[in-house]
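Colleague: this one's sequence-less:
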């Protein structure tokens, strides 16, 4: 294993954080219902820009008819602007509420945009750490590791920390969905989870397990 003690990967055993929920209501992103069929992203923004600075607008379009399905989303720069828009739009007979972020959206928003840590799965199970390092030449590797199970067998998962973000992105673009010699499945290569992403995933797993336990107890006694 090649490892520099002055650099380390985030601890995968981060404690759950109760501030992270599977779905979180936002205070600057609005869900707007009652839109006309001809509304698109641009006209939705035109409608709503009078109440504040808009970061994004999205009218939900039917792929078959190319018409708006009757609802969309508008994200303002501040909570105050969103509240004003909600009040005014409701006066215009739209049904407006604060939107909820999906789990995948929250996960994406929590990514570390300066990280140089790369996660790789579906590595050949016979690959050793020397062969793993060969994948990243000619880039400078700060640290790398292959994960093994309790018996010492490879899990087919590796982590590498590159010197800079550009090198890390190049590695992702080069190897993602490629099958290495000795491998069975395409590689899955992406930036490693940030601490915040790990906490959110951990919280989701915790909630799922808690729900499964409750279901088990319910069916045990019926």
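Modeller: Looks like it came in fine. Just so it is clear, the structure is predicted and the values come from calculations on it, not from any experiment. Numbers count the residues shown, from 1 in each chain.

Colleague: Kindly state the domain boundaries assigned to the protein.
Modeller: Residue ranges for the domains of the chain, per automatic domain parsing: 1-22+112-222, 24-101.

Colleague: a markdown table for these, including mean neighbour count and mean pLDDT?
Modeller: Every residue, glycine included, has its C-beta placed from N, CA and C. A markdown table is the format used below for these (neighbours: other C-beta atoms under 10 Å; pLDDT from 0 to 100):
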| stretch | mean neighbour count | mean pLDDT |
| --- | --- | --- |
| domain 1-22+112-222 | 14 | 80 |
| domain 24-101 | 16 | 92 |
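
Colleague: beta partners of residue 71?
Modeller: Beta-bridge pairing of residue 71 under DSSP bridges involves residue 33.

Colleague: any idea how far residue 192 is from residue 149?
Modeller: Shown here: residue 149 relative to residue 192, a distance of 19 Å by C-beta to C-beta, to the nearest Å.

Colleague: Surely residue 73 is in a helix?
Modeller: No. Counting by DSSP: H, G, I helix; E, B strand; the rest coil, one finds residue 73 to be strand, located in no helix.

Colleague: Hmm, it is touching residue 28, no?
Modeller: No. With contact defined as C-beta atoms under 8 Å, residue 73 does not count as touching residue 28 (11.1 Å).

Colleague: just the strands in the chain please.
Modeller: 24-33, 54-61, 68-76, 95-101, 117-121, 141-148, 154-162, 188-191 (DSSP state E).

Colleague: Switch those strands over to TSV; also include distance to residue 203.
Modeller: Shown next, in TSV, are those (distance: least, C-beta to C-beta, whole Å):
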stretch	distance to residue 203
strand 24-33	11
strand 54-61	26
strand 68-76	24
strand 95-101	14
strand 117-121	20
strand 141-148	22
strand 154-162	22
strand 188-191	20
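
Colleague: quick one: which of the ones you listed is nearest residue 199?
Modeller: Among the strands of the chain, strand 24-33 comes nearest to residue 199, with 13.0 Å by C-beta to C-beta.

Colleague: Relative to the whole chain's centre, how far out is the closest one?
Modeller: 19 Å (C-alpha atoms, centre = their mean, to the nearest Å).

Colleague: Name the residues that touch that strand?
Modeller: 44, 48, 55, 70-79, 81-82, 85-86, 89, 94-101, 106 (C-beta atoms under 8 Å, 6 or more residues apart in numbering).

Colleague: at 6 Å what do you get?
Modeller: Strand 24-33 has contacts (C-beta atoms under 6 Å, 6 or more residues apart in numbering) with 71-76, 79, 82, 86, 94-101.

Colleague: Stretch 35-43 too?
Modeller: By C-beta under 6 Å, 6+ apart, stretch 35-43 touches 57, 58, 59, 67, 68, 70, 72.

Colleague: please redo it, this time with the cut-off set to 10 Å
Modeller: Stretch 35-43 has contacts (C-beta atoms under 10 Å, 6 or more residues apart in numbering) with 32, 44, 46-47, 56-62, 65-74, 94.

Colleague: ok now do residue 146, which residues does it touch?
Modeller: For residue 146, the contact set (C-beta under 10 Å, 6+ apart) comprises 1, 120, 123, 127-129, 131-133, 154-160.

Colleague: let's see 6 Å
Modeller: Taking C-beta under 6 Å, 6+ apart, we find residue 146 in contact with 129, 132, 154, 158.

Colleague: cool, residue 97 as well?
Modeller: Contacts of residue 97 by C-beta under 6 Å, 6+ apart are residue 31.

Colleague: Quickly list what it is bridged to.
Modeller: Residues in a beta bridge with residue 97, per DSSP bridges, are residue 31.
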